[in-house]
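Engineer: My questions are about this predicted structure, shown below with the sequence.
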Amino acid sequence: MERHRHGTERRLAVGGCLLLVLVGGGLIGLLYGRTAAFVGVAVVVLVAGLGVLVWFILTLLTWWAGAGERQ
């Protein structure tokens, strides 16, 4: 059950980011032009990258704390 929940959370996060990039980038492109759309998509990708970095650090800390309990 835990593995299913983690898979669902991961798919929701990726789908949300893709939706934000496609719809947000498309709307920015329609309203302000290609350059602004490129900048908007780049910002979304950078923020998503920071989110992945935070997730990775928290996963490492959780693993490290669990390894300390086993000893």
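Structural biologist: On my side now, so go ahead. Numbering: from 1, shown residues only.
Engineer: What's the local residue count around E2?
Structural biologist: 6 (other CB atoms under 10 Å). C-beta coordinates here come from the backbone N, C-alpha and C atoms, glycine included.
Engineer: Please name the residues that touch G49.
Structural biologist: Residues in contact with G49 (CB atoms under 8 Å, 6 or more residues apart in numbering): none are found.
Engineer: Dihedrals phi and psi, it?
Structural biologist: For G49, the backbone dihedrals are phi -60, psi -40 (criterion: degrees, to the nearest 10).
Engineer: State the pLDDT value of it.
Structural biologist: In this model, G49 is scored at 90, pLDDT.
Engineer: Give me the number of neighbouring residues for V14.
Structural biologist: Counted with other CB under 10 Å, residues neighbouring V14 total 11.
Engineer: repeat for T62
Structural biologist: A total of 10 residues lie near T62 under the criterion other CB under 10 Å.
Engineer: Would you mark the buried spots in the helix or strand containing it?
Structural biologist: Secondary-structure element containing T62, defined by DSSP states H and E: helix 34-70. Within helix 34-70, the residues that count as buried by 16 or more other CB atoms under 10 Å are 37, 40-41, 44, 48.
Engineer: With distance to T62 added, can I get the residues you listed in TSV?
Structural biologist: What follows is those, written out as TSV (distance: CB to CB, whole Å):
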residue	distance to T62
A37	37
G40	33
V41	31
V44	27
A48	21
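Engineer: Which member of these is positioned nearest G16?
Structural biologist: A48 (9.4 Å; CB to CB).
Engineer: mind listing what that closest one touches?
Structural biologist: Residues near A48 by CB under 8 Å, 6+ apart: C17.
Engineer: Going forward, the N-terminal residue is numbered 9.
Structural biologist: Got it, first residue is 9 now, which makes that one A56.
Engineer: so who does the nearest residue to L28 once chain neighbours are set aside touch?
Structural biologist: By the measure of CB to CB, 6 or more residues apart in numbering, the closest residue to L28 outside its immediate chain neighbours is V52, 5.6 Å from it. Listed by CB under 8 Å, 6+ apart, the contact set of V52 reads 25, 28-29, 32-33.
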